[in-house]
Each structure stands twice: as C-alpha cells, then as structure tokens.
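Colleague: Show me how the following folds:
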Amino acid sequence: MARVESKMIPLKTALKHFVLLDPEDRRFDSKELMGKTGLLIYIVCNHCPYTEPLWDRFVEIADFAKKVDVGVVAINPNIHPNYPEDSPAHMLDKIKEHKISFPYLIDADQSVSKSLNATCTPETFLFDNQGKLYYHGRVDDSWQDASKVTKEELRDALMLLFSAKEPPKEQVPSKGCSIKWVDTVIG
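Modeller: Numbers count the residues shown, from 1 in each chain. Presented below is the predicted three-dimensional model:
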C-alpha cells in the first residue's frame, strides 16, 4: 500500500457538527460526544496495515483521554465496495478484537472525513471544548513497534489540553493509507 501524509490544517479550525451511526445503527452526535475538555477523533479503518499496529495503543490513549474528560470517537470513512473488509460487519469484529470502548462510527457518505480535510488512515484530530482544532497529527513516532516509541505526541497533546496550555508547537503529520474516496471509483 502506498503511504500518504496528512495535510497540515490550521489550528483553531472549527469542528463541523456531525451525526453518524455505529455498526449496530445507534446514532451518535458530535455535540454529545464532546467531553468537558474536548473531543478526540480517530480517522481509521479495518484493513490498513498502518492502522493495525496502532489500534491497541489508541485504545489505551482513549482510556487516558476519558480520564481527562476528552470524548473519543473512531470514524471509518472507507465504506467502499472495493474494500469489503472495512464493512460495518467487520467493524464489529474490530471492536471485539481490540476491546474498543468508544464509538466506532460509519462515515458512509464520507462527509465528516471531508469536513475534517482527512487524507489518510490513521489520522488524529483533537479539538478543545469549544470545538477548535488543538492537535492534528500522528499518535506517536513508531507506528510499527510500540517498544520503539520515544515521542507520544497525541498523549502529550492531551495533557497540554487538559492543563489548559498552548497547543504543541510541533504537529507531525500522520502517515498511512489514503482514504478510499467513493467519488473517485471508476467503472
């Protein structure tokens, strides 16, 4: 799979309100997902080889985020006929496999991912409690091997947000698989 990099997005970009469903057709509203401190959005899918090594780490970070009153949600934009392994049924498998305790939602029309200017999976977006972008980038500096992590940018950003400090000066882009945009399907 070709690796792409996330776009740099200006900090303080406003989160556009959204409502999405999970694989069991439960409705989730971004306003209700927002925690007292903010909201962490993880753009992710099931099949991406750049995502798989990060799932367990992200689940741990999500548990930490909840402790500092940050809401957490994962969003799958790859509901695409050419990628059946990203289907809602397989999302249920992923939830069970990684013991995901936060909503894993279906961006069927890809409107939420487009509104975020997301380009790849995995990609993280951390918003403050006013819905302004605070951190956008990678989870850490070793997507392949947790034992080689030396910088935990996402966890550090969560701590800064909770402490009401300025956002991290360095926002390192995520790298991963391109989002499989439905409107680019040929044939």
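Colleague: Which residues outside the lowest-mean-pLDDT helix or strand in the chain are in contact with it?
Modeller: The helix or strand of the chain with the poorest confidence is strand 4-5; it has a mean of 86 (mean pLDDT, DSSP states H and E). The contact list for strand 4-5 (C-beta atoms under 8 Å, 6 or more residues apart in numbering) reads 119, 120, 173, 174, 175, 176, 177, 178. For every residue, glycine as well, the C-beta is placed using N, CA and C.
Colleague: If we use 10 Å, what do you get?
Modeller: 50, 119-121, 123, 138, 172-179 (C-beta atoms under 10 Å, 6 or more residues apart in numbering).
Colleague: Check which helices and strands the helix or strand containing residue 114 is in contact with.
Modeller: According to DSSP states H and E, residue 114 maps onto helix 111-115. Judged by 3 or more C-beta pairs under 10 Å, 6 or more residues apart in numbering; DSSP states H and E, the packing partners of helix 111-115 are strand 19-21, strand 38-43, strand 70-76.
Colleague: and residue 97, which of the ones you listed is closest to it?
Modeller: Among the helices and strands packed on helix 111-115, the nearest to residue 97 by C-beta to C-beta is strand 70-76 (13.2 Å).
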